[in-house]
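Participant: Using only what follows, build the 3D model:
(4 chains)
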2 protein chains.
Amino acid sequence: MLDERKLAVLRAVVEDYVSTNEPVGSKSLVDRHNLDVSPATIRNDMAVLEEQGYITQPHTSAGRVPTDKGYRLFVDRLSHMKPLSSAERRAIQTYLAQAYGLDDVVMRTVRLLAQLTRQVAVVQYPSLTRSVVRHIELVRLAPEKLLVVVITDTGRVEQRMVDLPDRCEDDDVAHLRALLNASLDGRRLTEAVKIVAGLIESVPPAGRANAAAVFSVIMANLAERNEERIVFGGTANLAAPDFSQGLRDVLEALEEQVVLMRVLGDATDESLLSVMIGRENPVEGLRTTSLVSSGYGSGGETLAKLAVLGPTRMDYPGTMGAVSAVARYVGEILMES
Amino acid sequence: MLDERKLAVLRAVVEDYVSTNEPVGSKSLVDRHNLDVSPATIRNDMAVLEEQGYITQPHTSAGRVPTDKGYRLFVDRLSHMKPLSSAERRAIQTYLAQAYGLDDVVMRTVRLLAQLTRQVAVVQYPSLTRSVVRHIELVRLAPEKLLVVVITDTGRVEQRMVDLPDRCEDDDVAHLRALLNASLDGRRLTEAVKIVAGLIESVPPAGRANAAAVFSVIMANLAERNEERIVFGGTANLAAPDFSQGLRDVLEALEEQVVLMRVLGDATDESLLSVMIGRENPVEGLRTTSLVSSGYGSGGETLAKLAVLGPTRMDYPGTMGAVSAVARYVGEILMES
DNA sequence: CTTGGCACTCAGGAAGCGTGAGTGCCAGGG
DNA sequence: CCCTGGCACTCACGCTTCCTGAGTGCCAAG
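Facilitator: A predicted model of the protein is given here:
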């Protein structure tokens, strides 16, 4: 249906439009790319491409602009991820390697992505669901108050206060701690939650009320609110002069964790790179933007996702390269720590 | 120098300009406020106010707009903090009370401030410097790897990985833990850092290399990077149609932690409310904005600051009321937990 | 000191115009 | 059959021009 040259024309239109941000006409196309045909020929091709919905003209007698469908074809068949330069790779590695603690890793990742792509970066905290318990710590802050700290293999540390029904002594706490660690160490959180449920049996009756309080906190909070946190940055890049339209909607969507979750969730959940273009996006306010996302994680597992958000008119190959590289390095870092 | 009526005029100009975002003229002034004089009289007053630098006209034959100096006078002498309605107060309290953990308190505070004021909210994490150590936990993750967790009275939990020079056993860790807690519990972090420095003496020579590694982490990371974290939100409110100018600068400043720190630091460091208007701001990109900030903390102590950032043309009384109320409630919540 | 009157200024919108980039179509040529 | 050059056509954008009205400063009288 679309011969070689028409595809080349589409590719050229996308590339030119992305770099100039102006509708591209037949003449400038033949000039800038070495298509060995005349503008008139290109015009015919463009007419076909328009008929099929890949490009459109903002008004009669203006050049053409890619549609979402056009970008989609471009991404799927006409472009390849552009790998980062080795200098960039090294910079990423060293910058991430300096991080201490999960918070810092996530923060640095956001900055990195935002700077590399000059767009908005979105990073989800590693999911607790798939993490493995490394240690559980109970700290007695007061006779009736404990702090529960759960440390996972991805370096994530979750903490919750628990108000106890009864007073407790250090000894009680030590026993409970030992019990928890013996039972849960090395287990996935998903499993751990189930195990905890059955654990109350092994607690001497005297301490059951307190233990129950602790257990319920572990189960409820850790299991349920698990992949909630999302961090973003680079919003200054949204203030590019062309993009003022709809900026408010985009910022609103970004600040709404729930919305972001939904968007990331809709992105195909393989660990592969995924691109969501314009109106493909489920969220109203993001209909003028594209999202390039990827899972990341240590080993074979996808722990969470990260993404870059920008105008549909973005440099897809470059962005994809950056997202994919960063995702890989973050995974590596998490594995080490 | 400025008689009663001129001050009233200035107040009226500020109020009208804030609510309409348009230069205000003499006629509309007499209409909207019941000044019992003619427009001509007001014009004379305005001429004086302009001569003194309190208001200015964007161009000949336009109304007047307050200058930074005008806002300053307004804030200092012509307006009073507008207290929140009791419904709002209750809403704040219940919303904050639902928070668990420091992260959540901070996050909720940001949202609250942003929504109440319809502007950008900035909240600094409680300073570690003034916090008191509640507990130190060492977790042995591997023979040569420890996790150090420091829990402070404000609920802040700091964690760092430590790579040890030598292998260690659970017993060694237990000893070290006991030593640290015995020496540091209840101390301020500032003191604690000094105490740790002298503590190496009390460690048996065999374990000194490891202990030194742990101590240096505690000292270096906790003492130095103490008030670093700042969170903000409500950036969508910046996208108000009038404010597009300079938006990029503002977003950039917000994303630069260091810059934010500096701004908050320059705000007078009493626990009182402080207002920084337009060009008073030390940061270049924030010269078109005002910052209403307040310290917050539990007991008499200021642990950190929070603030609201908006266009100089903001509702100062309302913003001040919101900031001050939120600061108080956050302090209370922190004290409880 | 206040007031009404009056001449003046000037931003911003409406209207008109010209230009040029870009198009669609067509007829002729490889 | 596809490519090409030619040609008439369209229309956004930038320019100028004009007009209007809100708002001013000044002055002389109350």
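Participant: hey, let's count contacts and neighbours off CA atoms from now on
Facilitator: OK.
Participant: For A:Thr20, give its distance to DNA strand D.
Facilitator: The spacing between A:Thr20 and DNA strand D, counted by C-alpha to the nearest atom of the strand, to the nearest Å, is 14 Å.
Participant: Quickly note the distance from that residue to A:Val65.
Facilitator: Applying C-alpha to C-alpha, to the nearest Å, the value for A:Thr20 to A:Val65 is 11 Å.
Participant: So for the two, which residue has more residues nearby?
Facilitator: A:Val65 (26 against 9; other C-alpha atoms under 10 Å in any protein chain shown).
Participant: What strand or helix carries the more buried one?
Facilitator: For A:Val65, the host element (DSSP states H and E) is strand A:65-66.
Participant: C-terminal to that strand, which secondary structure element comes first?
Facilitator: Following strand A:65-66 in sequence, per DSSP H and E, is helix A:68-73.
Participant: What helices and strands are in contact with that next one?
Facilitator: Using 3 or more C-alpha pairs under 8 Å, 6 or more residues apart in numbering or on different chains; DSSP states H and E as the contact test, the elements touching helix A:68-73 are helix A:4-20, strand A:273-277.
Participant: Need the contact partners of that helix.
Facilitator: Contact partners of helix A:68-73, identified using C-alpha atoms under 8 Å, 6 or more residues apart in numbering or on different chains, comprise A:10, A:14, A:53-55, A:277-279, A:312.
Participant: What does A:Met81 show for phi and psi?
Facilitator: phi -50, psi 130 (degrees, to the nearest 10).
Participant: Pull up the gap between the residue lying closest to it once chain neighbours are set aside and A:Ser79, please.
Facilitator: The shortest distance from A:Met81 to any non-neighbouring residue, by C-alpha to C-alpha, 6 or more residues apart in numbering or on different chains, is to A:Pro317 (4.4 Å). Distance, A:Pro317 to A:Ser79, by C-alpha to C-alpha: 7 Å.
Participant: So which of those two has more stuff around it?
Facilitator: Neighbours per residue (other C-alpha under 10 Å) separate A:Pro317 from A:Ser79, with A:Pro317 holding more: 15 against 12.
Participant: returning to what we had before: going by secondary structure, the residue nearest to A:Met81 is in what exactly?
Facilitator: Judged by DSSP H and E, A:Pro317 forms part of helix A:316-336.
Participant: List the pairing partners of the strand holding A:Val65 within its sheet, with orientation.
Facilitator: Paired strands of strand A:65-66, with direction, are strand A:55-56 (antiparallel) (DSSP bridges).
Participant: Residues of the stretch 1-150 of chain A that sit close to chain B?
Facilitator: A:100-101, A:134-135, A:139, A:141 (C-alpha under 8 Å from any C-alpha of the partner chain).
Participant: cutoff 7 Å now
Facilitator: Within the stretch 1-150 of chain A, the positions near chain B by C-alpha under 7 Å from any C-alpha of the partner chain are A:100-101.
Participant: Find the closest residue to chain B in the stretch 1-150 of chain A.
Facilitator: A:Gly101 (6.1 Å; C-alpha to the nearest C-alpha).
Participant: Got the phi and psi for that residue?
Facilitator: phi 80, psi 150.
Participant: neighbours of it, just the number please.
Facilitator: When neighbours are counted by other C-alpha under 10 Å, A:Gly101 comes out with 19.
Participant: if I look at it, how far off is DNA strand D?
Facilitator: A:Gly101 is 50 Å from DNA strand D, by C-alpha to the nearest atom of the strand.
Participant: So that residue sits against B:Val162, correct?
Facilitator: No - counting by C-alpha atoms under 7 Å, A:Gly101 stays clear of B:Val162, with 10.5 Å between them.
Participant: Taking the chain centroid, which residue in chain A is the extreme one?
Facilitator: In chain A, the residue that sits farthest from the middle, by C-alpha atoms, centre = their mean, is A:Ala206; the gap is 46.5 Å.
Participant: what about it, which SS state?
Facilitator: helix (DSSP: H, G, I helix; E, B strand; the rest coil).
Participant: Which of the three states applies to A:Glu301?
Facilitator: coil.
Participant: Need the per-residue pLDDT for it.
Facilitator: A:Glu301 is assigned 77 on the pLDDT scale.
Participant: Closest approach to DNA strand D from the stretch 101-250 of chain A, which residue is it?
Facilitator: Nearest residue of the stretch 101-250 of chain A to DNA strand D, counting by C-alpha to the nearest atom of the strand: A:Asp242, 12.1 Å away.
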